[in-house]
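Undergrad: Sequence first, then the predicted structure:
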Amino acid sequence: MASPLRVLVHGGGIGGLTLAVALAGRGHTVEVAEVRDGLEALGVGIIQPSNALHVMREIGVLDACVAAGFEWEVLTICDPAGATLAKIPQPRMDDAPSNNGIPRPALAEILATAAAAAGVTVRFGTTIAELTDDGSGVDVTLSDGTAARWDLVVGFDGIGSPLRTRLYGDRYRPEYTGFANWRVTVPRLPEVQGVVMSTGNRAAKALLTPITDELMYLGAVFAEAEDFRPDPAQAHEQLRERLAGFAGPVAEALRHVDDPSAVVYSRISQVTVEEPWHVGRVVLAGDAAHASTPHLAQGAAMAVEDALVLALSLEGTDDVAEALDAWEARRRPRAMWVQNMSRAVLKQETGWATTPEEDELLKVGIPGAAHVLVQPY
């Protein structure tokens with residue numbers, strides 16, 4: 001049996017906490033450095049596709065996720081008027097559910113509870129201030145003055161990763177796609193039993209995603225200038241204007257959008273770290289290494305897959321470098337496939353010119369992509 005490791009996880013989001021639980025459950029000592037003052041998640045809801053739910057099962061929290069969310073099996077495609085064009089059954093990975101919509105705060109609480117039960121220490125309001133990797137270990141001083149030596153440091157610190165900047169400078173800054181995501185939580189319509197996607201005629205797309213029996217979120221993707229930000233007092237009206245061409249359930253959902261502060265706006269960017277994702281004993285994962293557009297709903301799924309596979313790769317070996325090489329060799333092709341496919345779907349939906357390589361990917365189609373992603377990770 002390999003010797004237990006001391007691992008510092010930089011970032012207490014979905015991927016970071018999943019890794020912490022997976023490692024601590026295998027006997028490793030894990031601490032999480034989280035820049036926020038708590039683990040409460042911001043934003044609205046999130047889709048957990050079957051491959052993400054498979055990971056949740058592996059770390060022991062699947063039942064809690066399904067209980068807190070809304071399990072669904074069929075994707076409904078509508079036109080802007082709300083007429084149903086297609087109903088597409090969603091595949092499963094092994095015996096995991098097809099999909100689960102869940103509020104982000106609920107998922108954060110589930111993972112935080114699991115981390116605490118596994119003995120993970122979380123240091124809030126801290127980030128890495130100093131880091132020295134001598135090949136056999138990493139000496140880290142946190143911003144709160146805490147200093148310790150670690151066998152491995154893992155950056156699950158998001159698309160704006162400070163650890164990525166520390167490792168690679170500005171070579172891999174987020175690339176804005178020209179599009180942004182608007183999201184807001186509203187009461188669930190009875191007919192919304194799974195994701196309902198409506199495509200418009202202005203390079204626009206709207207989705208309704210159930211996240212509990214009572215709630216769903218309305219998401220909308222539009223082309224936006226890079227420097228655009230919604231008016232804090234008028235964000236709900238700006239969203240209404242952009243969705244004026246939609247009828248049916250999207251219009252019905254909009255009737256409940258009356259609070260500008262409830263509207264969550266985020267630019268859609270991607271990151272591709274083309275060099276190895278680890279430098280010595282410091283490694284990047286999730287959005288820090290390979291952030292994608294949300295068009296396959298696989299961002300968080302790729303992060304939790306990264307986390308579990310990293311924990312599995314460290315089993316049975318005392319050679320950390322070998323384990324990291326094996327982890328990246330297993331993860332990079334799948335994560336890059338998701339990123340490339342997601343970007344191709346964005347281009348297809350918005351009328352951008354696609355490359356021959358993207359045309360080949362698009363032949364798979366979104367239903368085909370779902371079947372690809374329930375294959376082993």
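TA: Cool, got the structure. Residues are numbered from 1 along each chain as shown.
Undergrad: shaky segments in the stretch 151-300 of the chain?
TA: Residues of the stretch 151-300 of the chain meeting the criterion pLDDT under 70: 201-203.
Undergrad: what are the ranges of the strands in it?
TA: Listed in chain order, the strands of the stretch 151-300 of the chain (DSSP state E, counting those that start in this stretch) span 152-155, 175-187, 196-199, 205-210, 215-223, 264-270, 278-279, 282-284.
Undergrad: Turn these into a markdown table, including distance to residue 9 and mean neighbour count.
TA: In this view, the C-beta of every residue, glycine as well, is placed from N, C-alpha and C. Output for those, formatted as a markdown table (distance: least, Cβ to Cβ, whole Å; neighbours: other Cβ atoms under 10 Å):
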| stretch | distance to residue 9 | mean neighbour count |
| --- | --- | --- |
| strand 152-155 | 5 | 27 |
| strand 175-187 | 26 | 19 |
| strand 196-199 | 34 | 22 |
| strand 205-210 | 28 | 25 |
| strand 215-223 | 28 | 22 |
| strand 264-270 | 23 | 18 |
| strand 278-279 | 14 | 19 |
| strand 282-284 | 10 | 25 |
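Undergrad: Could you export these as TSV, including distance to residue 97?
TA: Output for those, formatted as TSV (distance: least, Cβ to Cβ, whole Å):
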stretch	distance to residue 97
strand 152-155	28
strand 175-187	22
strand 196-199	18
strand 205-210	13
strand 215-223	17
strand 264-270	26
strand 278-279	33
strand 282-284	30
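Undergrad: separation between the one residue sitting closest to the centre of the chain and residue 155?
TA: By Cα atoms, centre = their mean, the chain has its centre lying nearest to residue 300, at 2.2 Å. For residue 300, the distance to residue 155 (Cβ to Cβ, to the nearest Å) stands at 16 Å.
Undergrad: For the residue nearest to residue 84 when sequence neighbours are not counted, which residues are in contact?
TA: Spatial nearest neighbour of residue 84, excluding adjacent residues (Cβ to Cβ, 6 or more residues apart in numbering): residue 78 at 5.6 Å. Taking Cβ atoms under 8 Å, 6 or more residues apart in numbering, we find residue 78 in contact with 84-85, 196-198, 248-249.
Undergrad: re earlier: nearest to residue 5, out of the strands of the stretch 151-300 of the chain?
TA: Proximity to residue 5 (Cβ to Cβ) singles out strand 152-155 among the strands of the stretch 151-300 of the chain, at 5.9 Å.
Undergrad: residues in contact with the closest one?
TA: By Cβ under 8 Å, 6+ apart, the residues outside strand 152-155 that reach it are 5-11, 16, 19, 128, 131, 133, 138, 140, 161, 163-164, 281-285, 288, 310, 314, 320.
Undergrad: Which strands border that strand, and is each parallel or antiparallel?
TA: Applying DSSP bridges, strand 152-155 is found paired with strand 6-10 (parallel), strand 282-284 (parallel).
Undergrad: would you list those strands in a markdown table and tack on distance to residue 327?
TA: Output for those, formatted as a markdown table (distance: least, Cβ to Cβ, whole Å):
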| stretch | distance to residue 327 |
| --- | --- |
| strand 6-10 | 13 |
| strand 282-284 | 8 |
